[in-house]
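Participant: missing the sequence, but the structure's below:
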Ligand code: 6PG
């Protein structure tokens, strides 16, 4: 991955402003529908707020189809729901057709939710060996997890299933996550990572440091279509 795929910003606001331009570039390069897998977490929330405030009338939302990269096994109105967070900070503020929203049904039994979502992906997305998103947006935890694949369940990354049932290592909360096979099948991938607490893992992963393979985020492919949007705190251990 070239250094120019690693973009560093003074603040999360500058980061999401630049990422919005990147998002719109990718959308404009595509004909027809644009299938995006969203992430939960604090940085995507900042991006949603930015879109709702500054670009709600500048994007042709009829072309955008929102999916999720992972979801907590809760009802959509639960404060833990990634869909619920997206609805509060973005979906309620833009004119996006309801049929363009493809949430993971976290309120169902986890295995049922995972199978239902996998079925949905295979019916609605272009298919290669796996369903193909135009863009997968990822965060990274300070333990190196991404989507909801955590280090203690690193085997889920290579699972042949499209969606897996994962468990948060501290809370035991069950989650539905795209497997690494689907994440790496995407046309384009963007990490949005902010905060000092991510700096060590960002440095290890982007330098392919020995032992970094234990972090699920390290298994996201590194090529020209993968971009890391970092604030200067998350990038503070990088040396160019
Ligand atoms: C989730 C996200 C998760 C998130 C990381 C980073 O469901 O929480 O999918 O992978 O991106 O935990 O979260 P922060 O950006 O809030 O640190």
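Facilitator: Cool, the structure landed. If you're wondering where the values come from, they're calculated on a predicted model, not measured in any experiment. Residues are numbered from 1 along each chain as shown.
Participant: Same question for the biggest helix by length in the chain: list its buried residues.
Facilitator: For the chain, the longest helix by residue count, based on DSSP state H, is helix 12-29. Buried residues in helix 12-29, defined by neighbour count with 16 or more other CB atoms under 10 Å: 12, 15, 16, 19, 20, 23, 26, 27. In short, each C-beta sits where N, CA and C put it, glycine included.
Participant: Any residue of that helix touching the ligand?
Facilitator: No: for a cut-off given as CB under 6 Å from any ligand atom, helix 12-29 has no contacts with the ligand; the smallest distance is 9.7 Å.
Participant: Give me the contact list for that helix.
Facilitator: 7, 9, 34, 43, 46-47, 50-51, 54-55, 58-60, 63-64, 134-135, 188, 190, 192, 194, 227, 229-231 (CB atoms under 8 Å, 6 or more residues apart in numbering).
Participant: filter the residues you listed to the buried ones?
Facilitator: Buried subset of the contacts of helix 12-29 (neighbour count, 16+ other CB under 10 Å): 7, 9, 34, 43, 46-47, 50-51, 59, 64, 134-135, 188, 190, 192, 194, 227, 229-231.
Participant: Between its first and last residues, how far does stretch 4-19 reach?
Facilitator: End-to-end span of stretch 4-19 (CA to CA, to the nearest Å): 14 Å.
Participant: so for the longest helix of the chain, what's the average pLDDT?
Facilitator: On average, the pLDDT along helix 12-29 is 98.
Participant: Give me the neighbour count for residue 6.
Facilitator: 18 (other CB atoms under 10 Å).
Participant: My error: substitute residue 97 in the last question.
Facilitator: Residue 97, neighbours per other CB under 10 Å, totals 10.
Participant: what's near enough to touch residue 224?
Facilitator: So residue 224 contacts 1, 2, 5 (CB under 8 Å, 6+ apart).
Participant: For burial, what's the neighbour tally of residue 161?
Facilitator: The number of residues packed near residue 161 is 15, by other CB under 10 Å.
Participant: what's the answer for residue 108, then?
Facilitator: Residue 108: 16 neighbours (other CB under 10 Å).
Participant: I'd say it and residue 116 touch.
Facilitator: Yes: with contact defined as CB atoms under 8 Å, residue 108 reaches residue 116; the gap is 6.7 Å.
Participant: could you point out which element follows the longest helix of the chain?
Facilitator: Heading C-terminal from helix 12-29, the first helix or strand you meet, by DSSP states H and E, is strand 34-38.
Participant: do the following helix or strand past that following strand and the ligand meet at all?
Facilitator: Moving toward the C-terminus from strand 34-38, the first helix or strand encountered (DSSP H and E) is helix 42-50. Yes: using CB under 6 Å from any ligand atom, helix 42-50 reaches the ligand at 42, 43.
Participant: Next, the angle from helix 42-50 to strand 34-38.
Facilitator: 130 degrees (axes from the mean of the first three to the mean of the last three CA atoms, to 10 degrees).
Participant: Show me what the next helix or strand after helix 42-50 pairs with in its sheet, parallel or antiparallel.
Facilitator: Toward the C-terminus, helix 42-50 is succeeded by strand 64-68 as the next helix or strand (DSSP H and E). With DSSP bridges as the test, strand 64-68 is paired with strand 34-38 (parallel), strand 101-102 (parallel).
Participant: and the protein, which of its residues are near the ligand?
Facilitator: 39-43, 70, 82, 139-141, 145-148.
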